[in-house]
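Enquirer: One predicted model, sequence on top.
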Amino acid sequence: MPKIIAKENESFQVTLRRFKKACEKAALLSDVKKNKFYEKPSVIRRRKENAARRKVLKQLRKTAKYKK
């Protein structure tokens with residue numbers, strides 16, 4: 001859990017913005033959304049495989065772009 005200590009003479013809005021950024025950096029919301037519903041292990045494995053495949057294809061496209 002991100003922890004923010006308010007600085008002296010710092011407004012609430014600035015402190016809240018820093019807290020939101022810290023939560024975003026910690027990927028807190030995405031983790032909560034991911035664990036909202038149960039996913040079968042096979043679905044998790046398939047999703048990870050698809051993500052890895054997309055990542056490789058993206059890298060191939062990127063390298064092919066510079067080889068021309």
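Expert: The structure has been received and is ready for your questions. Only a predicted model underlies this, so the values are computations on that prediction, with no experimental measurement involved.

Enquirer: Give me the residues contacting the helix or strand of the chain with the lowest mean pLDDT.
Expert: Ranked by mean pLDDT, DSSP states H and E, the weakest helix or strand in the chain is helix 28-34, scoring a mean of 86. Here helix 28-34 makes contact (C-beta atoms under 8 Å, 6 or more residues apart in numbering) with 1-2, 23. Glycine gets a C-beta too; all of them are placed from N, C-alpha and C.

Enquirer: distance of the spatially most central residue of the chain from Lys33?
Expert: Note on the chain: the residue nearest the mean C-alpha position is Ala27, at 4.9 Å, using C-alpha atoms, centre = their mean. Using C-beta to C-beta, to the nearest Å, Ala27 is found at 10 Å from Lys33.

Enquirer: Please apply the same query to Glu24.
Expert: 13 Å.

Enquirer: between these two, who's got more neighbours?
Expert: Set Glu24 next to Lys33 and count neighbours by other C-beta atoms under 10 Å: Glu24 wins out with 12 against 9.

Enquirer: need the contacts of helix 28-34 in TSV with pLDDT, neighbour count and secondary structure, can you?
Expert: Listed next are the contacts of helix 28-34 as TSV, based on pLDDT from 0 to 100; neighbours: other C-beta atoms under 10 Å; DSSP: H, G, I helix; E, B strand; the rest coil:
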residue	pLDDT	neighbour count	secondary structure
Met1	78	6	coil
Pro2	84	13	coil
Cys23	89	14	helix
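
Enquirer: Ile5 is in what secondary structure piece?
Expert: For Ile5, there is no host helix or strand (DSSP states H and E).

Enquirer: quick one: it from Lys34, how far?
Expert: Ile5 is 29 Å from Lys34, by C-beta to C-beta.

Enquirer: Could you check which of the two is surrounded by more residues?
Expert: Lys34 (11 against 7).

Enquirer: Buried residues in the lengthiest helix in the chain, which are they?
Expert: Longest helix of the chain, by residue count under DSSP state H: helix 41-67. By neighbour count with 16 or more other C-beta atoms under 10 Å, helix 41-67 contains no buried residues.
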